[in-house]
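>>> Fold the following for me, if possible:
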Amino acid sequence: MKIAYFNCFSGISGDMCLGALVDLGLPLADLSKALKGLRLVGFSLKSRRVKRAGLPATKVDVLVQDGMDRPMTFQDIRRLLQAARLPAVVRKDSLRVFENLARAEAAAHRTSLAKVHFHELGIIDSLVDVVGTIVGCQLLGIEGIYSSAMNVGSGTIESNHGRLPVPAPATAHLLTGLPIYSAGPERELTTPTGAALMATLSHGAGPMPAMTMNAVGNGAGTFNPSDWPNVLRVFLGEISNAAESDRIMVLETNLDDMNPQAYELLMDRLLAQGALDVTLTPVIMKRSRPGIVLTVLTDTVKVESVLRVMFAETTTLGVRIQEMSRRLLAREIIELSTKFGPVRIKVAKGSGRAGRLKARPEYRDCKRLAEETGLPLRTIVREVERRIGRRPW
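Reported below is the predicted structural model:
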């Protein structure tokens, strides 16, 4: 699978995205032709080679004729995109980006979605940036987008609402749940448009996944300080469909003074708070006392909620936390019809010889059918496995 990793060490904006994609080899003429599907007049694209603190990059400018840009509501933008002659997936993703942007504006200014006006954005600029990034990724054959933690910048910005801190309120709402930090010059580095693109399109934010790198593109921002490379770097590469990479958090603690009856509720509550997996491993602790190692796997954004459960529901005084990479097979859940009723099947493509499929029935569905029919569980499982073996995958 071809992926793009957006390295946002100097933040991210719409024009930086376009610049990086063109720098990767996307012909500007092809991008301009695709954007004619917006059925908008009064704009054109221009690209040029520049340097940002000595780092070569491509700067793409959206040139808008005077008088052609005006504030729009989200409903205006929705109607425009729905009428656009664009591939269905481009329309869908573009609408998702602007809906997330509108919801962030509504939350930031305590208003309804219907009343949101994008005063802070040049609307044609933003439409071209958003749709251009999405269609540009499609033209480059990119199937998945990942991003680094985002450098939001610092200081303040002038807006229609007065002087505001960086990140802007809408940007802060968009980045909720994503890793961010502040470094470099006192300036807004991550714009609402850039934040909306990554918050909507990225499959994950964090360290670069393991991949075979094919190219790197540098997209320049407008801001050009002498001592800071204001550039978005996009790495183009490939990862195996059968072994995707991501990052997870591992939380562990040793327990030797808990009533074992409490473990069932503990595990249920951890899973309810977003734990991906919970295990209990018997160990021999100091002074030869028997104990349990509680191990919890979770996403980065769920760490705090999982920690609250661990401290509230166990006797522990401390939890070990580490971030780890993992490789996992691409999988999907399908529903399989059997003579006893429907059963969900987890299907994964193996990475071994010929990419052999692995398929296993969901235990809870088999248990439900056993309870409904009164048959032994093994009878249900055998029937499901027989149907799996006969299915023309």
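
>>> For stretch 260-276, measure first residue to last.
The first residue of stretch 260-276 is 22 Å away from its last residue (CA to CA, to the nearest Å).

>>> Any stretches of the stretch 201-350 of the chain with poor pLDDT?
By pLDDT under 70, the low-scoring segments of the stretch 201-350 of the chain are 240-245, 349-350.

>>> now the strands: where do they sit in it?
Under the criterion DSSP state E, counting those that start in this stretch, the stretch 201-350 of the chain carries strands at the ranges 202-205, 212-220, 231-238, 244-255, 275-284, 290-298, 320-328, 331-338, 341-349.

>>> Comparing these, which comes out most buried?
Between the strands of the stretch 201-350 of the chain, the one whose residues have the most neighbours on average, counting mean count of other CB atoms under 10 Å, is strand 231-238 (a mean of 22). C-betas here are computed from N, CA, C, even on glycine.

>>> Got the domain ranges for this protein?
Using automatic domain parsing, the domain ranges for the chain come out as 2-242, 246-328, 331-390.

>>> Check the ones you listed for me and report the most buried one.
Mean neighbour counts were compared across these using mean count of other CB under 10 Å; the top stretch is domain 2-242, at a mean of 19.

>>> Quick one: distance of that domain to the chain centre.
From the chain centre to the centre of domain 2-242 is a distance of 14 Å (CA atoms, centre = their mean, to the nearest Å).

>>> can you pull the contacts of the residue nearest to Leu280 when sequence neighbours are not counted?
Spatial nearest neighbour of Leu280, excluding adjacent residues (CB to CB, 6 or more residues apart in numbering): Ile292 at 5.1 Å. Contacts for Ile292 (CB atoms under 8 Å, 6 or more residues apart in numbering) come out as 254-256, 258, 263, 280-283.

>>> Rebuild those as a markdown table, extending it with distance to Leu86.
Compiled in a markdown table, those are given as follows (distance: CB to CB, whole Å):
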| residue | distance to Leu86 |
| --- | --- |
| Asn254 | 56 |
| Leu255 | 56 |
| Asp256 | 61 |
| Met258 | 57 |
| Tyr263 | 53 |
| Leu280 | 52 |
| Thr281 | 52 |
| Pro282 | 58 |
| Val283 | 58 |
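
>>> okay but Gly136 is in contact with Leu31, surely?
Yes: counting by CB atoms under 8 Å, Leu31 is a contact partner of Gly136 at 5.6 Å.

>>> intersection of neighbour lists for these two?
By the contact definition CB under 8 Å, 6+ apart, Gly136 and Leu31 are jointly contacted by 18, 21-22.

>>> The residues you listed in helices, which ones?
Using DSSP state H to define helices, the subset of the shared contacts of Gly136 and Leu31 located there is 18, 21-22.

>>> Looks like Arg91 contacts Leu80 (just checking).
No: the pair Arg91 and Leu80 does not pass the contact test of CB under 8 Å, sitting 10.3 Å apart.

>>> Distance check, the most far-flung residue of the chain relative to its centre against Thr316.
The C-alpha centroid of the chain is most remote from Arg287, which lies 46.5 Å away (CA atoms, centre = their mean). Taking CB to CB, to the nearest Å as the measure, Arg287 and Thr316 are separated by 18 Å.

>>> cool, and Ala149?
Spatial separation of Ala149 from Thr316 under the definition CB to CB is 29 Å.

>>> Cys17 now?
To Thr316, Cys17 is 45 Å away according to CB to CB.

>>> nearest to Glu335, of the ones in helices among the shared contacts of Gly136 and Leu31?
Relative to Glu335, the closest of these is Leu21; by CB to CB it sits at 38.4 Å.

>>> Skipping adjacent residues, who's closest to the closest one in space?
Nearest to Leu21 is Gly136, by CB to CB, 6+ apart, at 4.1 Å.

>>> give me the element that neighbour is part of.
helix 123-139 (DSSP states H and E).

>>> Show me what that helix is packed up against.
helix 14-23, helix 28-35, strand 43-52, strand 55-64, helix 74-83, helix 88-108, helix 192-201 (3 or more CB pairs under 8 Å, 6 or more residues apart in numbering; DSSP states H and E).

>>> Now that helix: average pLDDT?
Throughout helix 123-139, pLDDT has a mean value of 94.

>>> Can you name the next helix or strand after it?
Of the helices and strands lying after helix 123-139 in sequence (DSSP H and E), the nearest is strand 144-147.

>>> Give the pairing partners of that next one; include direction for each.
The partner list of strand 144-147 in its sheet, established with DSSP bridges, is strand 2-7 (parallel), strand 202-205 (parallel).

>>> ok, and what's touching the first one?
Outside strand 2-7, the residues that touch it by CB under 8 Å, 6+ apart are 12, 17, 20, 137, 140-148, 198, 202, 208-209, 211, 232-239.

>>> the inter-axis angle of the helix or strand harbouring Ala359 versus strand 331-338?
In this assignment (DSSP H and E), Ala359 forms part of strand 357-361. Relative orientation of strand 357-361 and strand 331-338, computed by axes from the mean of the first three to the mean of the last three CA atoms, to 10 degrees: 60 degrees.

>>> now the angle between strand 341-349 and strand 357-361, please.
When the same axes, to 10 degrees is applied, the directions of strand 357-361 and strand 341-349 differ by 150 degrees.

>>> Against which helices or strands is the next helix or strand after strand 357-361 packed?
Counting by DSSP H and E, the element after strand 357-361 in chain order, helix or strand, is helix 363-373. In this structure, helix 363-373 packs against strand 341-349, helix 377-390, with contacts taken as 3+ CB pairs under 8 Å, 6+ apart.
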